[in-house]
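Peer 1: using only what follows, build the 3D model:
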Amino acid sequence: MNIHPTTLYVIITILVVFSGILSYIVFNLLSKVEKYEDVTVDQTTYLQNISNLIGDSQKHLNDLDKRGVFKSDDEVGYFFTQLKKVQDELDRYMLPQNYGKKESKS
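Peer 2: Now for the predicted structure:
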């Protein structure tokens, strides 16, 4: 089977152009995925910080409530009671301890 050199050059040129186009597409998609991964990591860190803040405020409110610092018969006590209700609502949005952490494959 004889292949004419011109045909061989055309086939090689088409393959090189095709592989160049595919390489550009893969590189473009990879850079977009890496950008989205960075955004996801930033958002996960932000959510973890908010969850930690909610947990710390819950601990502080429980400590104040145990010590009985605020009585429920005055305006400050009423505000403290309302603040505890707000804290109970915020507790619903706390994240699990392992949120955003990679699972270890054993």
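Peer 1: let's verify the closest residue to L47 other than its chain neighbours: helix, strand, or coil?
Peer 2: Nearest residue to L47, sequence neighbours excluded (Cβ to Cβ, 6 or more residues apart in numbering): L95, at 6.0 Å. For the C-beta atoms, the positions are set from N, CA and C on the backbone; glycine is no exception. At L95 the chain is in coil, as set by DSSP: H, G, I helix; E, B strand; the rest coil.
Peer 1: just checking, L95 touches G55?
Peer 2: No: taking Cβ atoms under 8 Å as the definition, L95 is not a contact partner of G55, at 9.5 Å.
Peer 1: for this protein, which helix is longest?
Peer 2: helix 5-67 (DSSP state H).
Peer 1: check which helices and strands that one sits against.
Peer 2: For helix 5-67, the elements it packs on are helix 75-91, judged by 3 or more Cβ pairs under 8 Å, 6 or more residues apart in numbering; DSSP states H and E.
Peer 1: could you check the angle helix 5-67 makes with the helix it packs on?
Peer 2: Here helix 75-91 runs at an angle of 150 degrees relative to helix 5-67 (axes from the mean of the first three to the mean of the last three Cα atoms, to 10 degrees).
Peer 1: got the CA coordinates for helix 75-91 in PDB?
Peer 2: What follows is helix 75-91, C-alpha atoms only, in PDB (Å, rounded to 0.1, in the frame of the first residue of the first chain):
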ATOM      1  CA  GLU A  75     -36.400  45.000  80.700                       C
ATOM      2  CA  VAL A  76     -32.900  43.600  80.500                       C
ATOM      3  CA  GLY A  77     -34.200  40.200  81.400                       C
ATOM      4  CA  TYR A  78     -36.900  40.400  78.700                       C
ATOM      5  CA  PHE A  79     -34.200  41.400  76.200                       C
ATOM      6  CA  PHE A  80     -32.000  38.500  77.400                       C
ATOM      7  CA  THR A  81     -34.900  36.100  76.900                       C
ATOM      8  CA  GLN A  82     -35.500  37.300  73.400                       C
ATOM      9  CA  LEU A  83     -31.700  37.100  72.700                       C
ATOM     10  CA  LYS A  84     -31.800  33.400  73.800                       C
ATOM     11  CA  LYS A  85     -34.700  32.800  71.300                       C
ATOM     12  CA  VAL A  86     -32.700  34.400  68.500                       C
ATOM     13  CA  GLN A  87     -29.700  32.200  69.500                       C
ATOM     14  CA  ASP A  88     -31.900  29.100  69.400                       C
ATOM     15  CA  GLU A  89     -32.900  30.000  65.800                       C
ATOM     16  CA  LEU A  90     -29.200  30.600  64.900                       C
ATOM     17  CA  ASP A  91     -28.300  27.200  66.300                       C
END
